[in-house]
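Student: Just the structure for this:
(3 chains)
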Amino acid sequence: MDFSPILDSLNDAQRAAVTASAKHVLVLAGAGSGKTRVLVHRIAWLCRDKGIIPYGILAVTFTNKAAAEMRARVEALLGMSSTGMWMGTFHGLSHRLLRSHWQQTGLPQNFQILDSEDQFRVIRRVTKGLGLDEAKWPPRQSQWFINANKDEARRAKDLDSKDGSVDQQLIRIYFAYEEICERTGVVDFAELLLRSVDLFKRNSDLLADYRNRFRHILVDEFQDTNAIQYTWLKLLAGTQVPMFAVGDDDQSIYGWRGARVENIHSFNSDFDPVDTVLLEQNYRSTGTILAAANHLIQHNTGRLGKNLWTHDSVGDPIHLFAAYNEQDEARFVADQLKQWLDQGRKLSETAVLYRSNAQSRVFEEVFFAQQIPYRVYGGLRFFERAEVKNALAYLRLAAHHSNDASFERIVNLPTRGIGQRTLAALREYSRDYAIPLSEATSVLSQSGELNVRASNALKRFLALLQTMAASLEGLSLQEQVENIIKLSGLKAYYEREPGAKAVDRIENLGELVNAAREFNFDPNQFGDMTRLDAFLSNAALEAGEGQGEAWQDCTRLMTLHSAKGLEFPLVIMVGMEEGLFPHSMSTQESGRLEEERRLCYVGITRAREKLILSYAENRRHYGSVKYYPPSRFLREIPEQLLVELRAGVTISPTLIPRQKTVLKPGNESPFKIGQRVEHAGFGEGLVTECEGVGLHARVQVRFERGGSKWLVLEYAKLQPL
DNA sequence: TAATCAGCTTTTTTT
DNA sequence: AAGCTGATTA
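Tutor: Below you'll find the predicted structure:
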């Protein structure tokens, strides 16, 4: 065997995957088993040892972050630039295809990308335009319906309108939505994929070129592919191009978004012959953490069946904290983080994970008060902020007057006397004559159908559009952005707005100018797109990081979904309550519940050394106090892996100091094996084991009412009897 | 037309 | 609790 440097650092299974010689390869890689590593090394191995030129590699991921990481790691391993490789997200690559071959797509050359908020607005407008009641046909639901269908490659015309009247209306909305998109030259995210697929289906020569070009196709997070993405892959692969797919059925957490784990099963029949490689050795977590994860996930049915194992030591037990309420829970987490710091560790090694974004608030408040630096992931990203989107809409409209979505967004922001009535007239005219809103504005401002005040307002707005369009001529992207922000009056508008928020908004507008200055644009990639158009597309496709780069050592707050792919020495999973996690919307169907369980599995396997779980007995939720029982997932973790911490009943911790059994170091434990004790919650029991001293001392107690528990003396409030 | 106030709903997320 | 929509008032 000759081992190249690329293979030296791999274990046997990883090496087998990287060097698999079957035409197609499916790697089932458990959490922390070196999934990305295998992918990166496979690419490097193909290039270095198999003589595949970078130009012949297509590697697909789901997020921009994953794509960037892959590129960086491949370059580091190969010691050269990866230019020429097609590496990116399904959407990014599709976008690139559509730009290069726009003539064959039926799209205008300067088609614009609709992000989900834009899409929502368009759908709402369509609903109103059809004379449907928004309350009865919520745009959110229609949006969901349209996207779900697009993800399954079904256009409005493909839908069977025979059944129930509910679908009838939704199909009407879908039709009308498609028409508007077509007319205004915009595409939503799903459309990028769908159009690419259509492009290939209709142009066999073009498809043949690409099949000829790509010698290897590699896919990350294969379990997250939806129907249209899988079709996309199959089309590009044809019968000749070898596929290399990496995934983990236990980490499929995007079923609600159309992802189909079954694609993993289909892979074996759609591609042949396939080598399947299992990666089960985990390099991330302690034995205890893995055992918890393995036991939990065994409650799911229909798994492909992997069991993670590790050479690592058993490690610390998992701590479970029962908080009185969500405040108490947040203070507990703050305490734990401080302890972590006291042990000489860093906050950047820690993460607090929750099910839904709204849960971050309490933690932010408490961390802020206690001066624990933190960074919230997810939530509103930079290019999604209202003020930024407003500025982008002005830019888009200045460059492309026909962009109705942008027009609607900013016609009257800041207010300039174009109210609902005028707008309604514009919409009607635009619909009747099938022209963009800006043209309707031009016609109606002259026609005399509107009152003087309204038509003057419209004329002023048109003049503004002209000025803005002119101000783009021959300038750098940065100057263009600066000009538009100034001309639009957005800055003045936000300066007038009271409150601290306004300061942030103005700052973000400044940040947008910076983003424009730093935007690097590869003109080779998108043919004859203008710099500005590339910037605008990029803003839709890459919404940007949640916050600027962290310069400070801080902990991370994020949802379980956004934690996928990450790892931390210390992970604290909070809000482990029925209704919250598993989420109440998911408890009805078993399929959804299993997905929640996988989400829990993902959370647990993020932890390297220490895992802490917590739940609150009372929680203020939607404005009133709720009592959620502890999550069923807690019961699915073997109790010998858990140590329960309990703060006792601290009604108002500021008034009633928490009672603790504090042991001075060196003191003998007041409890001996065989001694009878009483616990406020569990009743009477017998001490069966003692260990540790001082703050870490704990005892195992077998309670009469069943069950044996490890209790930390500091928290347990045990009374000797 | 614009600003203000009262009532209503509430997952997860990437592109 | 908060953000958003719709109705009301200036």
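Student: drop to CA atoms for contacts and neighbour counts, all remaining ones
Tutor: Will do.
Student: ok, and the closest non-adjacent residue to A:L97?
Tutor: Once flanking residues are discounted, A:L97 sits nearest to A:S196: 6.9 Å by C-alpha to C-alpha, 6 or more residues apart in numbering.
Student: and that neighbour, what element?
Tutor: In the assignment (DSSP states H and E), A:S196 maps to helix A:189-202.
Student: tell me which residues in that helix are buried?
Tutor: Neighbour-count burial for helix A:189-202, counted by 16 or more other C-alpha atoms under 10 Å, picks out A:189-197, A:199-200.
Student: Now the stretch 451-600 of chain A against DNA strand C: closest residue?
Tutor: Here the stretch 451-600 of chain A gets closest to DNA strand C at one residue, A:K501, 10.4 Å apart by C-alpha to the nearest atom of the strand.
Student: what's the residue most central in space within chain A in contact with, if anything?
Tutor: Chain A has A:S562 as the residue nearest its centroid, 4.8 Å off, counting by C-alpha atoms, centre = their mean. Taking C-alpha atoms under 8 Å, 6 or more residues apart in numbering, we find A:S562 in contact with A:377-378.
Student: Doesn't it belong to a helix?
Tutor: Yes. Inclusion of A:S562 in a helix is indicated when DSSP: H, G, I helix; E, B strand; the rest coil is applied.
Student: if I look at it, how far off is DNA strand B?
Tutor: A:S562 sits 4 Å away from DNA strand B, going by C-alpha to the nearest atom of the strand, to the nearest Å.
Student: Residue numbers of the stretch 51-200 of chain A in contact with DNA strand C?
Tutor: A:E134 (C-alpha under 7 Å from any atom of the strand).
Student: What strand or helix carries the residue in the stretch 51-200 of chain A positioned nearest to DNA strand C?
Tutor: In the stretch 51-200 of chain A, the residue found nearest to DNA strand C is A:E134; the distance is 6.2 Å by C-alpha to the nearest atom of the strand. Following DSSP H and E, there is no helix or strand that holds A:E134.
Student: Which strand or helix spans the nearest residue to A:S82 once chain neighbours are set aside?
Tutor: In this structure, A:S82 finds its nearest non-sequential neighbour in A:E75, 5.9 Å apart by C-alpha to C-alpha, 6+ apart. Under the criterion of DSSP H and E, A:E75 resides in helix A:64-78.
Student: Report whether that helix contacts DNA strand B.
Tutor: Yes. Judged by C-alpha under 7 Å from any atom of the strand, helix A:64-78 comes into contact with DNA strand B through A:64-65.
Student: distance between that helix and the chain's centre?
Tutor: Distance, stretch centre to chain centre, for helix A:64-78: 19 Å (C-alpha atoms, centre = their mean, to the nearest Å).
Student: any idea how far A:S476 is from the residue in the stretch 51-200 of chain A positioned nearest to DNA strand B?
Tutor: Closest residue of the stretch 51-200 of chain A to DNA strand B, C-alpha to the nearest atom of the strand: A:T63 (3.1 Å). Separation of A:T63 from A:S476 (C-alpha to C-alpha, to the nearest Å) stands at 29 Å.
Student: returning to what we had before: run a quick neighbour tally on the closest residue to the residue of the stretch 51-200 of chain A closest to DNA strand B other than its chain neighbours.
Tutor: Nearest residue to A:T63, sequence neighbours excluded (C-alpha to C-alpha, 6+ apart): A:T89, at 5.9 Å. Using other C-alpha atoms under 10 Å, A:T89 has 22 other residues around it.
Student: residues contacting A:T89?
Tutor: By C-alpha under 8 Å, 6+ apart, the residues touching A:T89 are A:60-64, A:67.
Student: Then A:C600?
Tutor: Shown in contact with A:C600 (C-alpha under 8 Å, 6+ apart): A:560, A:633.
Student: Next, see if stretch A:597-605 gets close to DNA strand B.
Tutor: No. Shown here: stretch A:597-605 not in contact with DNA strand B (C-alpha under 7 Å from any atom of the strand), separated by at least 8.7 Å.
Student: quick revisit: now, which of the buried residues of helix A:189-202 lie close to DNA strand B?
Tutor: With C-alpha under 7 Å from any atom of the strand as the criterion, the buried residues of helix A:189-202 include A:189-190 near DNA strand B.
Student: Format the buried residues of helix A:189-202 as CSV; extra columns: pLDDT.
Tutor: Putting those into CSV (pLDDT from 0 to 100) gives the following:
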residue, pLDDT
A:F189, 94
A:A190, 95
A:E191, 96
A:L192, 96
A:L193, 96
A:L194, 96
A:R195, 96
A:S196, 96
A:V197, 96
A:L199, 96
A:F200, 96
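Student: for the buried residues of helix A:189-202, which one is nearest A:N483?
Tutor: A:N483 lies nearest to A:F189 out of the buried residues of helix A:189-202, by C-alpha to C-alpha, at 29.2 Å.
Student: A:D115 is in contact with that closest one, correct?
Tutor: Yes. Using C-alpha atoms under 8 Å, A:F189 makes contact with A:D115 at a distance of 6.8 Å.
Student: Not counting its neighbours along the chain, what's nearest the closest residue to DNA strand B within the stretch 401-550 of chain A?
Tutor: Taking C-alpha to the nearest atom of the strand, DNA strand B has its nearest neighbour within the stretch 401-550 of chain A at A:G417, 3.2 Å off. Leaving aside its sequence neighbours, A:G417 sits nearest to A:A457 (C-alpha to C-alpha, 6+ apart; 5.9 Å).
Student: Figure out the helix or strand that the one you found lives in.
Tutor: helix A:452-470.
Student: Check for me that A:D528 belongs to a helix.
Tutor: No. Per three-state DSSP, A:D528 lies outside any helix segment and is coil.
Student: how close does it sit to A:F332?
Tutor: The gap separating A:D528 from A:F332 is 56 Å, by C-alpha to C-alpha.
Student: between these two, which one's more packed in?
Tutor: Neighbour count, other C-alpha under 10 Å: between A:D528 and A:F332, A:F332 has more, with 18 against 14.
Student: near DNA strand C, which residues of chain A show up?
Tutor: Taking C-alpha under 7 Å from any atom of the strand as the criterion, the neighbours of DNA strand C within chain A are A:134, A:622-623.
Student: Look at the nearest residue to A:P139 once chain neighbours are set aside and report its pLDDT.
Tutor: In space, and not counting its chain neighbours, A:P139 is closest to A:R124: 5.2 Å by C-alpha to C-alpha, 6+ apart. The model reports A:R124 with a pLDDT of 89.
Student: And A:R124, which helix or strand is it part of?
Tutor: For A:R124, the element it lies in under DSSP H and E is helix A:116-129.
Student: Which secondary structure elements does that helix sit against?
Tutor: Contact here means 3 or more C-alpha pairs under 8 Å, 6 or more residues apart in numbering; DSSP states H and E; on that basis helix A:116-129 packs against helix A:139-151, helix A:165-184, helix A:404-410.
Student: Run through who's touching the first one.
Tutor: In this structure, residues lying in contact with helix A:139-151 by C-alpha under 8 Å, 6+ apart are A:119-120, A:123-124, A:127, A:155, A:170, A:173-174, A:190-191, A:194, A:226-229, A:257-258.
Student: Number of residues surrounding the residue in the stretch 251-400 of chain A positioned nearest to DNA strand C?
Tutor: For the stretch 251-400 of chain A, the residue closest to DNA strand C is A:A386, as judged by C-alpha to the nearest atom of the strand, at 8.6 Å. Neighbour count of A:A386, defined by other C-alpha under 10 Å: 13.
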